[in-house]
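Student: coords below, sequence missing:
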């Protein structure tokens, strides 16, 4: 089972209004730069619950999901 962890996100907005996350501030104060975004779609978090825009991101070579559930950001974390 996973838990929903709300995180701070540094993001930029392009000229079309698209939100592009740049980095994530984890609950322990660590900052993780997003290397790449491979997919953006409206989807549910099946592991932690919730619905929003799901960003499939690569951080340090590992794929992860970052969700924008307006007005908050969250990730699925292990217990």
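Tutor: In hand now; what should we look at? As the structure is a prediction and not an experimental result, all values here were calculated from the model.
Student: might you report the residue contacts of the closest residue to residue 34 other than its chain neighbours?
Tutor: Counting by CB to CB, 6 or more residues apart in numbering, residue 57 is the residue found nearest to residue 34 once chain neighbours are left out, at 4.8 Å. Just so you know, the C-beta spots here come from the backbone N, C-alpha and C atoms, and that holds for glycine as well. By CB atoms under 8 Å, 6 or more residues apart in numbering, the residues touching residue 57 are 21, 34, 35, 36, 37, 38, 63, 64, 65, 66.
Student: type out the ChimeraX command that picks the buried ones from those residues.
Tutor: Remark: buried members of the contacts of residue 57, expressed as a ChimeraX selection using 16 or more other CB atoms under 10 Å:
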select :21,34,64,65,66
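Student: what is the nearest of the contacts of residue 57 to residue 74?
Tutor: residue 66 (7.9 Å; CB to CB).
Student: my guess is the closest one contacts residue 24, does it?
Tutor: Yes - Residue 66 lies in contact with residue 24 (CB atoms under 8 Å); the separation is 6.8 Å.
Student: list residues touching both of the two?
Tutor: Shared contacts of residue 66 and residue 24, counting by CB under 8 Å, 6+ apart, come down to 7, 9, 34, 73, 75.
Student: let me know the closest of those residues to residue 42.
Tutor: The closest of the shared contacts of residue 66 and residue 24 to residue 42 turns out to be residue 73 (CB to CB; 15.0 Å).
Student: beta-bridge partners for that closest one, please?
Tutor: residue 7, residue 68 (DSSP bridges).
Student: what residues are up against it?
Tutor: Taking CB under 8 Å, 6+ apart, we find residue 73 in contact with 6, 7, 8, 9, 21, 24, 66, 67.
Student: mind listing what the second one touches?
Tutor: Taking CB under 8 Å, 6+ apart as the contact definition, residue 7 lies against 24, 25, 26, 27, 66, 73, 74, 75.
Student: roughly how far apart are the residue nearest the centre of the chain and residue 35?
Tutor: Centroid check for the chain by CA atoms, centre = their mean gives residue 66 as the closest residue, at 1.8 Å. Between residue 66 and residue 35 the distance is 12 Å, computed by CB to CB, to the nearest Å.
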